[in-house]
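A.B. asks: Model the structure of this input:
(one chain, ligands or ions: 1)
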Amino acid sequence: MNVLEVKGLCKIYPGFQLREVSFSLPEGQITGFIGRNGAGKTTALKSLFHFIHPDSGEIRFFGEAFQENELSIKQRVGFISGGVDYYPKKKLRTITAVTKSFYRDWDEQDYRRYLGLFHLDESKTPSQLSAGMKVKYALALALSHNAKLLILDEPTSGLDPVSRDELMDIFMELCRKGVTILFSTHITSDLEKCADRIVYIHNGQILAESELQTFISSYQILTLSAEQLTDALRPLLRGLKPAKYGYSALIRTKDAMKAGLSGTAADLESIMIHIEKEGRA
Ligand SMILES: Nc1ncnc2c1ncn2[C@@H]1O[C@H](COP(=O)(O)OP(=O)(O)OP(=O)(O)O)[C@@H](O)[C@H]1O
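C.D. replies: Residues are numbered from 1 along each chain as shown. I've put the predicted structure just below:
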């Protein structure tokens, strides 16, 4: 079952358009939302909840249309976009008391566990927290109401490597319990640790939606000298760019096999770098 289905989501800003964005999230899987700065990730994620009003598109959570079921859907979904910076002068315990009063399924034990894990002191105010701590506090709130779906915009922003690793462990633990997670990030190695799938947005349009390992293994990296870069080869290459000794490019694994070429294994970062050179997957 798909926990979220997005069809034809559009948002027009002067100078930027989210164009016919469609994707879905299968239950109990972790999906990474990737794309360059300004590609439209935050705009798309905020549009799902009408925090940004979309111009068109259909959004169904748990099979239910968002607009007609907004309150009940919000009970079942955890959302963060950056850290908590509202009520900057209120103590965290006061903000938590207000937040938890909205949720029928608030789990105080979970909340206390995340406070401890993230080393958060409830007697502080958001203005006294570091950037990473503000994100951790937002996460503690989003993870403590038994949400079945988590939509997290850059949840590792400002987090140190150890905290990021701990968060990926939390995501995998939640996923084993059947929670569905979509999170945006620029740290592709985090996705390689824990994601099942990726949704890749480029210039406001979905470029790829795929199982992560299928996506990665469908490409290889070729490193070529100037002599090896023949006219016959060029049409098979994506994102040809100068490398230390010659050139590097992506090649579809199936094309490499057909041409009798053998590249090196690609990773998500190198695939993105080459695809972005060219703007097509
Ligand atoms: N309120 C707004 N008015 C006009 N343009 C906007 C507005 N908000 C965002 N944009 C534009 O929409 C585009 C997409 O921005 P968005 O924040 O969705 O990108 P992103 O993929 O989340 O980027 P990043 O990885 O840097 O966070 C950008 O060109 C941005 O300038």
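
A.B. asks: Would you mind listing the buried residues in stretch 154-170?
C.D. replies: 154-159, 163-164, 167-168, 170 (16 or more other CB atoms under 10 Å). For glycine as for every other residue, the C-beta is placed from the backbone atoms N, C-alpha and C.

A.B. asks: Tabulate these in TSV, adding columns for secondary structure.
C.D. replies: TSV is the format used below for the buried residues of stretch 154-170 (DSSP: H, G, I helix; E, B strand; the rest coil):
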residue	secondary structure
154	coil
155	coil
156	coil
157	coil
158	coil
159	coil
163	helix
164	helix
167	helix
168	helix
170	helix
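
A.B. asks: Assumed residue 12 was part of a helix.
C.D. replies: No - if the criterion is three-state DSSP, then residue 12 is strand and not within a helix.

A.B. asks: residues contacting it?
C.D. replies: Counting by CB atoms under 8 Å, 6 or more residues apart in numbering, residue 12 touches 18, 55.

A.B. asks: switch to 10 Å and redo it
C.D. replies: For residue 12, the contact set (CB atoms under 10 Å, 6 or more residues apart in numbering) comprises 18-19, 54-56, 204.

A.B. asks: re the thing from before, can you tell me which of the buried residues of stretch 154-170 is nearest the ligand?
C.D. replies: residue 154 (6.6 Å; CB to the nearest ligand atom).

A.B. asks: pretty sure the closest one contacts residue 80?
C.D. replies: Yes - at 8.5 Å, residue 154 counts as touching residue 80 under the criterion of CB atoms under 10 Å.

A.B. asks: What about the contacts of residue 12, which one has the most neighbours?
C.D. replies: Counting neighbours by other CB atoms under 10 Å, the top entry in the contacts of residue 12 is residue 18, with 25 neighbours.

A.B. asks: Pretty sure that one sits in a strand.
C.D. replies: Yes - read with three-state DSSP, residue 18 is one of the residues of a strand.

A.B. asks: Leaving out sequence neighbours, find the closest residue to residue 266.
C.D. replies: residue 219 (4.4 Å; CB to CB, 6 or more residues apart in numbering).

A.B. asks: let me fix that: residue 238
C.D. replies: Using CB to CB, 6+ apart and skipping the chain neighbours, the partner closest in space to residue 238 is residue 250 (4.2 Å).

A.B. asks: count of neighbours near the residue nearest to residue 266?
C.D. replies: Neighbours of residue 219 using other CB under 10 Å come to 24.
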